[in-house]
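1. curious how this folds, go ahead:
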Amino acid sequence: MIRKLISRVLKLGNDKPTRSKQVAAVIPRASHGISREQISPGSRRVCETLQSHGFKAYVVGGAVRDLLAGARPKDFDVATDATPEQAKRCFRRSRIIGRRFQIVHAYMGQEIVEITTFRGALGDDAKTDAHGRVLNDNVFGTMAEDAARRDFTVNALYFDPATEQIHDYHHGVADLKQKTLRMIGDPRVRYREDPVRMLRAVRLAAKLGLAIDPEARRPIREMAELLENVPAARLFDEMLKLLTSGHAVRCLQQLRAEGLHHGVLPLLDVILEQPLGEKFVMLALADTDARIRQGKSSSPSFLFATLLWHEVLAAWERIKAGEEPPIPALYQAMEEVLSIQGEKLAITRRIAGDIKEIWALQPRFEQRAGKRPYGVLEHPRFRAAYDFLRLRTEAGEVAAELADWWARFQEADGETRSQMLLPDQGAKKKRRRRKPRAAAPTDPAATA
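-> Predicted coordinates:
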């Protein structure tokens, strides 16, 4: 009730000019608890440098949100009133990137800090596509306008390392405390501006344990088709964030609940409707979640290999049924599945190559005779392929004995390995028959 009353008094909602005049609540460290020491050294230096040149500069968005929620931020972005050209001149090692909205990357040792200029309110002449998606966003404005342009209230938070104060324009701190993910402005308009926000809503809700505000949740299912109009590269990046959030299982479950899985990964709904396939995918995502929460790295190649494996299996069986030899049939199936995914997700050539190597090694694990196991062991993708085999074992797809054999084989010494090799059951080489020698020609003189 209090929040609604404040909103009425300040005349928030969808009126852009009024929103841009919104005054931020300035929250001191004593109330929010974040110190400058929790901010990365690189982003602190960026803010200090910009401020020393007379510009405003704040750590913004996800990093502030995550620190308030007790999570560890992946990166620290900075927002400023300096234009990209002005910001670039402040740093010796920096460059301007981006077309839709220009940003500056400042290189601080090993850290790359993303610097964005405050965005201004979109005018009626803003360049959009037929569905309302913003195509060009190099419109700069005030800090208040920038806050109004952000997607969710919990992302419109600005932390000043110099004063350790948070500037909160849209009650984001209160929403975070109330475990609510609320959209700034009209959700339908905001989703049309950038359909990826629907995926982001699912990811943030799952990651932070937030409930999506009903007004923001209601349009998602009916507007899911807008994701078909999103560039494949952006969709791939958002999927990686979702799958490596440390809460991929919850994200996937919520994607299904919101009706978004059809637009995210083509055929994902088919995969998840197969009992064996769903078990395999969930095991893989749970394993990835556990690794990320332990601070370990995760591989995009491995993740997408697990998500698409049962589509490969189905295609492989179909192609083999056409009397194609098993290994060529597997390679055909891999190309077919990756081609279908490539229509929606911009899986890079390098990642696609890694995925195919993980898949191609699976039938080679069956070969445990002669020199072939040594070749598998020396393959650059052996470790990932072996972990993949382990998941197949846990899902009941292959016998545990096979994975156990490879676990022992890779740890054994040379003599033990040679003793572990199985007898070669392959077809024996056919002995070459010797042709009978032709009889020597008879010398007429000798028989005379």
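2. what helix or strand is the residue lying closest to residue 369 once chain neighbours are set aside on?
-> Spatially, and ignoring its direct neighbours in sequence, residue 369 is nearest to residue 424 (4.2 Å; C-beta to C-beta, 6 or more residues apart in numbering). Heads up, the C-betas are built off the backbone N, CA and C, glycines and all. For residue 424, there is no host helix or strand (DSSP states H and E).
3. could you check how many residues crowd around residue 424?
-> Using other C-beta atoms under 10 Å, residue 424 has 12 neighbouring residues.
4. any regions of the stretch 301-448 of the chain where pLDDT drops low?
-> Scanning the stretch 301-448 of the chain for pLDDT under 70 picks out 425-448.
5. residue contacts, the closest residue to residue 27 other than its chain neighbours?
-> Sequence neighbours aside, residue 166 is the residue nearest to residue 27 in space, at 4.4 Å (criterion: C-beta to C-beta, 6+ apart). Residues near residue 166 by C-beta atoms under 8 Å, 6 or more residues apart in numbering: 26-27, 32, 34, 64, 157-160, 173.
6. check which helices and strands the helix ranked longest in the chain sits against.
-> Counting residues, the longest helix in the chain under DSSP state H turns out to be helix 300-321. Other helices and strands packing on helix 300-321, by 3 or more C-beta pairs under 8 Å, 6 or more residues apart in numbering; DSSP states H and E, are helix 232-243, helix 268-272, helix 275-293, helix 326-342, helix 349-361, helix 382-394.
7. model confidence score at residue 300, please.
-> Looking at residue 300, its pLDDT reads 87.
8. quickly note the distance from it to residue 44.
-> Distance of residue 300 to residue 44, computed by C-beta to C-beta, to the nearest Å: 30 Å.
9. domains in the protein, by residue range?
-> Following automatic domain parsing, the chain resolves into domains at 8-184, 300-420.
10. put together a markdown table for these, with distance to residue 250 on each row.
-> What follows is those, written out as a markdown table (distance: least, C-beta to C-beta, whole Å):
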| stretch | distance to residue 250 |
| --- | --- |
| domain 8-184 | 14 |
| domain 300-420 | 15 |
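11. for residue 238, which of those domains is the nearest?
-> With respect to residue 238, and counting by C-beta to C-beta, the nearest of the domains of the chain is domain 300-420 at 9.9 Å.
12. just to revisit the earlier point, among the helices and strands packed on helix 300-321, which is nearest residue 373?
-> Minimum separation from residue 373 across the helices and strands packed on helix 300-321 (C-beta to C-beta) falls at helix 382-394, 10.6 Å.
13. quick one: buried residues of the closest one?
-> By neighbour count on 16 or more other C-beta atoms under 10 Å, the buried set for helix 382-394 is 382, 384-394.
14. now do stretch 91-107
-> 91, 94, 102-106.
15. with stretch 107-114 instead?
-> 108, 113-114.
16. cross those residues against helices and list the overlap.
-> Checked against DSSP H, those include nothing in helices.
17. from these, which land in strands?
-> Among the buried residues of stretch 107-114, DSSP state E puts 108, 113-114 in strands.
18. dump those to JSON lines, plus distance to residue 139 and pLDDT.
-> As requested, these are exported to JSON lines (distance: C-beta to C-beta, whole Å; pLDDT from 0 to 100):
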{"residue": "108", "distance to residue 139": "28", "pLDDT": "95"}
{"residue": "113", "distance to residue 139": "23", "pLDDT": "97"}
{"residue": "114", "distance to residue 139": "18", "pLDDT": "97"}
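19. need those in CSV with distance to residue 76, can you?
-> Formatted as CSV, these follow (distance: C-beta to C-beta, whole Å):
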residue, distance to residue 76
108, 10
113, 7
114, 9
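20. got the contact list for residue 71?
-> Counting by C-beta under 8 Å, 6+ apart, residue 71 touches 207-208.
21. so for it, what's the pLDDT?
-> 87.
22. and the gap between it and residue 230?
-> 26 Å.
23. residue 95 in helix, strand or coil?
-> Under DSSP: H, G, I helix; E, B strand; the rest coil, residue 95 falls in the strand class.
24. check whether it really touches residue 88, as I assumed.
-> Yes. The criterion here is C-beta atoms under 8 Å, and residue 95 meets it with residue 88 at 7.1 Å.
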